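Trainee: need a structure here:
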Amino acid sequence: MVRFKTSLGVISIVPEVLTALVGDAATSCFGVKGMAMRSVTDGLVHLLKPEAMGKGVHIAYGEDYILIDLHIIVDQGVNIPALCRSIISEVKYKITEATGIEVKSVDVFVDSINLD
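Mentor: Next comes the predicted model:
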């Protein structure tokens, strides 16, 4: 559970809420096919269904900040650096807007390119 102290009291947020917010922000960016997860058994990258987006998001947090790692699959032909900048900006904005918590860093890992 993520807990943050404010002048009015303590805010507790379940990690699944944060991963859902982050996954939604990332997949709303043009060029993102979806969230990714590398299989432990075969080492292959798998596209996650929308209800399992949280598996492609890893969040670490301190007393007043959040560190986020995203694993994504992108569409063919997109400008990857521009897409990653867009994702970072969108994730930071949505998390800060929804929770008031500072996002210290967002690291985006492009695990695969969709060739369809």
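Trainee: Where does Pro81 sit, in terms of helix or strand?
Mentor: Applying DSSP states H and E as the criterion places Pro81 in helix 80-99.
Trainee: Please point out which parts of that helix sit buried.
Mentor: Buried positions in helix 80-99, judged by neighbour count with 16 or more other CB atoms under 10 Å: Leu83, Cys84, Ser86, Ile87, Ile88, Glu90, Val91, Lys92, Lys94, Ile95, Thr99. The way it works is simple: take the backbone N, C-alpha and C, and place the C-beta from them, glycine included.
Trainee: show me where the chain has helices.
Mentor: 15-27, 80-99 (DSSP state H).
Trainee: I'd like the distance between Glu16 and Asp24.
Mentor: 12 Å (CB to CB, to the nearest Å).
Trainee: So between those two, which is more surrounded?
Mentor: Per other CB atoms under 10 Å, whichever of Glu16 and Asp24 has more neighbours is Asp24, with 14 against 9.
Trainee: residues touching the more buried one, list them.
Mentor: Shown in contact with Asp24 (CB atoms under 8 Å, 6 or more residues apart in numbering): Met53, Lys94.
Trainee: Likewise for the one 5 residues further on?
Mentor: The contact partners of Cys29, taken as CB under 8 Å, 6+ apart, are Leu83, Ser86, Ile87, Glu90.
Trainee: got it, and Ala20?
Mentor: Applying CB under 8 Å, 6+ apart to Ala20 gives the contacts Met53, Gly54.
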